[in-house]
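Novice: Build me a model:
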Amino acid sequence: MRDVAADMKLPMLAPVENAVISEAEWGERLENALRMRHPGIDLSRARLREFGAQWFAGVQPNQAMVQALHQLKAAGYQVGILTNNVLEWEPHWRSMLRLDSVVDLVVDSCKEGCRKPDARFFALAAQRAAVEPADCLLIDDVDENVEAAASLGWQTLLFLDNAQALLELESITRVALRASMELSAS
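Specialist: Predicted coordinates:
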């Protein structure tokens, strides 16, 4: 993946997440890079040109965090999704999460031409939400994204696991999230 992006002088997944190239072209370039690095590699089952369909077939949403999102929305919080994603993957992740009726905005890298951790991405999200950066909270599992948002005045939460994230989220929002998670697990 680095080889594909390096040829374009972009970070590793930026070519496909910023829609500079299509998923099919990214897959083809990745196949070629793998064959160059590992002659004789068997890629017959890899389906790299349609990686999203293959990936999302085996992914389940984090139900605890989805439920927390619903609770925060019910408590009056504006909620959004900031995603570094691939244009062709949108139908897969939207049907998996089924959050269109809950989220107030989606800022998707493949439609914006920039991605986390780029400052423009966070500025765009705050602008679309019509709030100041200090009123935004990014929950992310990538240190670099959390650090970038924090440097721009955002509140941040580095996701490590559900228990830690929900505890921190309760502290920030003052909304009881873990109690209902425990009840739903019973």
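Novice: all contacts plus neighbour counts: C-alpha atoms, from now on.
Specialist: Noted.
Novice: Break this structure into its domains for me.
Specialist: 2-56, 63-185 (automatic domain parsing).
Novice: and the longest one, how far from the chain's centre?
Specialist: Between the centre of domain 63-185 and the centre of its chain there are 8 Å (C-alpha atoms, centre = their mean, to the nearest Å).
Novice: What sits closest to Val107 if chain neighbours are left out?
Specialist: Leu82 (4.8 Å; C-alpha to C-alpha, 6 or more residues apart in numbering).
Novice: what pairs with the helix or strand that contains the one you found, and is each one parallel or antiparallel?
Specialist: Taking DSSP states H and E as the definition, Leu82 sits inside strand 80-83. Applying DSSP bridges, strand 80-83 is found paired with strand 105-108 (parallel).
Novice: And the next helix or strand past the strand holding Leu82?
Specialist: Trace forward from strand 80-83 with DSSP H and E and the next one is helix 90-97.
Novice: For Leu124, which non-adjacent residue is closest in space?
Specialist: Nearest to Leu124 is Val107, by C-alpha to C-alpha, 6+ apart, at 7.9 Å.
Novice: number of nearby residues for that neighbour?
Specialist: Close neighbours of Val107, defined as other C-alpha atoms under 10 Å, add up to 19.
Novice: what residues are up against it?
Specialist: For Val107, the contacting residues are Gly80, Ile81, Leu82, Thr83, Phe121, Leu124, Ala125, by C-alpha atoms under 8 Å, 6 or more residues apart in numbering.
Novice: what separates the longest helix along the chain from the chain centre, distance-wise?
Specialist: Secondary structure of the chain read by DSSP state H shows that its longest helix is helix 23-37. From the chain centre to the centre of helix 23-37 is a distance of 23 Å (C-alpha atoms, centre = their mean).
Novice: which helices and strands sit right next to it?
Specialist: Packed against helix 23-37 by the contact rule (3 or more C-alpha pairs under 8 Å, 6 or more residues apart in numbering; DSSP states H and E) you find helix 2-7, helix 14-17.
Novice: host element of the residue nearest to Glu132 when sequence neighbours are not counted?
Specialist: Excluding the flanking residues, the one nearest Glu132 by C-alpha to C-alpha, 6+ apart is Ala126, at 6.2 Å. Here Ala126, judged by DSSP H and E, is contained in helix 119-129.
Novice: any idea which helix or strand comes after that helix?
Specialist: strand 137-140.
Novice: What pairs with that following strand, parallel or antiparallel?
Specialist: strand 155-158 (parallel).
Novice: how about the strand it pairs with: buried residues?
Specialist: The neighbour-count criterion (16 or more other C-alpha atoms under 10 Å) identifies Gln155, Thr156, Leu157, Leu158 as the buried residues of strand 155-158.
Novice: which one of these is nearest Pro61?
Specialist: Leu158 (17.9 Å; C-alpha to C-alpha).
Novice: Just confirm that closest one contacts Asp140, I think it does.
Specialist: Yes: using C-alpha atoms under 8 Å, Leu158 is in contact with Asp140, at 5.4 Å.
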